[in-house]
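[1] Got a sequence here, can you build the structure:
(chains A and B)
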Amino acid sequence: MSAPTETDAFEVDDSSIRRMRFYGRIFLGACLLATMVGIVALIALVFDVVNEAWGWLTWEFLTHPPSYLAEHYDPANYGDLPTGPGGIYPALVGSIYLIAMTAVFTLILGVGAAIYLEEYAGDNLLTRFIEANISNLAGVPSIVYGLLGLALFVRAVGAGSSLLAGALTLTLLILPIVIVQTQEALRAVPDSMRRASYGTGATKWQTIRNVVLPEAIPGIMTGIILSLSRAIGETAPIIMVGAATSMFAPPNLTDPTGSFAAMPMQIFTWAKEPEGDFQHIAAAGIIVLLTVLLLMNAVAIYIRNKYDRRK
Amino acid sequence: MSTEPIDLSREDNNVGSLVDRAAKWIFFSCALVTVLTTLAIIVVLLDGAIDFFAEVSVVEYLTGTTWNPRDATDPSYGVLPLVWGTLVVTIGSALIALPVGTLTAIYLSEYADERVRRTVKPTLEILAGIPTIVYGFFALSFITPIIQYFYADVGTFNVLSGAIVVGIMIIPMVSSISEDAMSSVPDSLRNAAYGLGATKFEVSTQVVLPASLSGILAAYILAISRAIGETMAVTLAVGMLPQITMSPFAEMQTMTAYMVEIGTGDASVGSIGYMSLFAIGLTLFVMTFLMNVGSMWIRSRYREEYQ
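    I've put the predicted structure just below:
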């Protein structure tokens, strides 16, 4: 046997494999970097808002009506103000009323429509048309819903730029999402339960009322709360409907056709002021809005986890 | 309704049959509200737009390059500058969100382990849940100052800042829907490629990506449609000056921002400003409607069915 001076018979040209591995590493790096973009943007956004709001978000901010002067919001000036500090109170109350009314309308219409589609509707052309229409409605820009609200509720129905018109507009806006999520909750109820109910002689409506709905309610509530948390941050529709830019007293729930203020509108009014300090005030308002949004999401997740029996 | 159960309900039963029949029709009328909503949107937009086009010729509206409805002596109603503003923001945001979202989806679907995926995906979806007014604030208070740091003469309102925040906003739409599409590609396809000696990179880009293309394209179209209709972020970031220019640092105005401008200005009913809302709303609705239908069509036409 000669010494192994010749090239090894098993040696292969692996340059192409190494090149692919190298490309693979670069590609993975690019993927990781892309994933970081979203996360870094989220962190930057939260940091920016908290940083701008720091020192401006006080108890007085939560409990007082807005002011035209930026210095009225500055906690350092609270002591020597003749009028009292500026704040977000009427808009905060307005947003809560708006969402409460939207919740009532959405609950009735959204659950009703989902029950029809899931429990009654046959697999025919009409049903497919309704479902395609719903998924198209979900893609209509929110400002177009604002125009609908303006022409239909504010002008044609004559509700004016009111809490009622705002709530009805937001209801139509989130209805497609609520219907789809309620359908999923209804679909999760096993058919065996429906059949057991029919077996006892119950009618369809009795079965829905006594068996299907109680079983699906946690899922329905979660879906509705998550949709409402989208509605509470919507600005464009309530601008078109004509939410007040600055209201000094909270809207009156017993007078649903009166004018209303809402947090996103108030934040928009502040954010577009060129004067520097209004940026801090807008940021404080955003923190209040995001806190309400976060609380709603927390309630939804709590309900889902508490009643999730399939775990 | 995946599997139609045998209907054991006794709809012909006399007991409570009136209530039963009433219930069905009440629920049906709730479902009908969604159809009526679409009809109402179309009627309202057409009604207002017809009034508008009685005053302004359709040709001038669609081809004019100046939008200046408030000039008392010589108003001009060319929608192109507003469409241009919307187009620039949409293209700019797509240039950010489509590559970033797709690569994120590939990472989450092909590389990340289950634990990472379960944390990162919902974290990114938070971006989609943040109200758009907050993005407008973020553009003004964070993105624009960064741009101004590099290019000192950039104004407060510029289209670049708007495109960046809208891009960030639609990343999760691209990444989540694409990731769903990639995850539903069966492992047998991946394993077959590995068996042929493909690397993970090749499997991701040459097997998974083509196999989930219909879902990814649908995600792209939905994200672009969302960018077209985006309102508050671009109103705050891009500004109120309708003009056609190539500069990414220029102030512009999108169709939606113009609607907000009129909406906050309290235009009186019957004025040309009020009517123009509906003409522009109709233009916007037609654009997004075509994109949504296109997305649905792609998804059903090119869907890969795997057993």
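
[2] how about the helices of chain B, start to end?
    Counting by DSSP state H, chain B has helices at residues B:17-55, B:58-63, B:80-106, B:114-129, B:132-138, B:144-150, B:159-183, B:187-195, B:200-203, B:209-211, B:213-229, B:232-238, B:255-265, B:272-301.

[3] Can you list the low-confidence ranges for chain B?
    Chain B contains residues with pLDDT under 70 at B:1-16, B:266, B:304-307.

[4] residues from the stretch 201-311 of chain A in reach of chain B?
    When proximity is defined by C-beta under 8 Å from any C-beta of the partner chain, the stretch 201-311 of chain A lies next to chain B at A:201, A:203-208, A:229-230, A:232-236, A:239-240, A:242, A:245, A:264, A:267-268, A:271-272, A:274, A:279, A:282-283, A:286, A:289-290, A:293, A:297. The way it works is simple: take the backbone N, C-alpha and C, and place the C-beta from them, glycine included.

[5] circling back: now for the helices of chain B, which one comes closest to residue A:302?
    Among the helices of chain B, the nearest to residue A:302 by C-beta to C-beta is helix B:114-129 (15.9 Å).

[6] So which elements touch the closest one?
    helix A:15-53, helix B:159-183 (3 or more C-beta pairs under 8 Å, 6 or more residues apart in numbering or on different chains; DSSP states H and E).

[7] what does the helix or strand that the longest one is followed by rub up against?
    Where DSSP states H and E defines the elements, the next helix or strand beyond helix A:15-53 is helix A:59-63. Under the criterion C-beta atoms under 8 Å, 6 or more residues apart in numbering or on different chains, residues A:73, A:75, A:78, A:85-89, A:92, A:284, A:288 lie in contact with helix A:59-63.

[8] The closest residue to chain B within the stretch 1-150 of chain A and residue B:284: what is the separation?
    The stretch 1-150 of chain A approaches chain B most closely through residue A:141 (2.6 Å), counting by C-beta to the nearest C-beta. When distance is defined by C-beta to C-beta, to the nearest Å, residue A:141 is 6 Å away from residue B:284.

[9] Mind listing the shared neighbours of these two?
    B:228-229, B:256.

[10] so what's the residue most central in space within chain A up against?
    Of all residues in chain A, the one closest to the mean position by C-alpha atoms, centre = their mean is residue A:230, 1.6 Å from it. Counting by C-beta under 8 Å, 6+ apart, residue A:230 makes contact with A:174, A:177, B:129.

[11] The second one: which element?
    Assessed by DSSP H and E, residue A:177 sits inside helix A:163-187.

[12] where does the stretch 201-311 of chain A dip in pLDDT?
    Looking at the stretch 201-311 of chain A by pLDDT under 70, you get A:308-311.

[13] Determine the number of other residues adjacent to the residue of the stretch 1-150 of chain A closest to chain B.
    24 (other C-beta atoms under 10 Å in any protein chain shown).

[14] What of residue A:253?
    14.

[15] ok, now residue A:304?
    Counted with other C-beta under 10 Å, residue A:304 comes out at 16.

[16] For it, give me its contacts.
    Taking C-beta under 8 Å, 6+ apart, we find residue A:304 in contact with A:218-219, A:222.

[17] let's see 6 Å
    residue A:222 (C-beta atoms under 6 Å, 6 or more residues apart in numbering or on different chains).

[18] Leaving out the residues flanking it, which one is nearest to the spatially most central residue of chain B?
    For chain B, the residue nearest the mean C-alpha position is residue B:226 (0.9 Å; C-alpha atoms, centre = their mean). Excluding the flanking residues, the one nearest residue B:226 by C-beta to C-beta, 6 or more residues apart in numbering or on different chains is residue B:170, at 5.5 Å.

[19] Equivalent analysis for residue A:137, please.
    residue A:176 (4.4 Å).

[20] Please look at the one you found and residue A:135 and confirm they touch.
    No: taking contacts as C-beta atoms under 6 Å, residue A:176 lies outside contact range of residue A:135: 7.1 Å.

[21] So which of these two has more stuff around it?
    A direct count of neighbours by other C-beta under 10 Å for residue A:176 and residue A:135 places residue A:176 higher, at 22 against 14.

[22] pLDDT at that one, what is it?
    pLDDT recorded at residue A:176 is 95.

[23] Tell me how far it lies from residue A:142.
    For residue A:176, the distance to residue A:142 - C-beta to C-beta - is 12 Å.

[24] How about residue A:150?
    Relative to residue A:142, and taking C-beta to C-beta, residue A:150 is found at 13 Å.

[25] Just want to know which of these two has more residues nearby.
    Set side by side, residue A:150 and residue A:142 show more neighbours around residue A:150, with 27 against 24, by other C-beta under 10 Å.

[26] is it true that the more buried one touches residue A:240?
    Yes: using C-beta under 6 Å, residue A:150 is in contact with residue A:240, at 4.9 Å.
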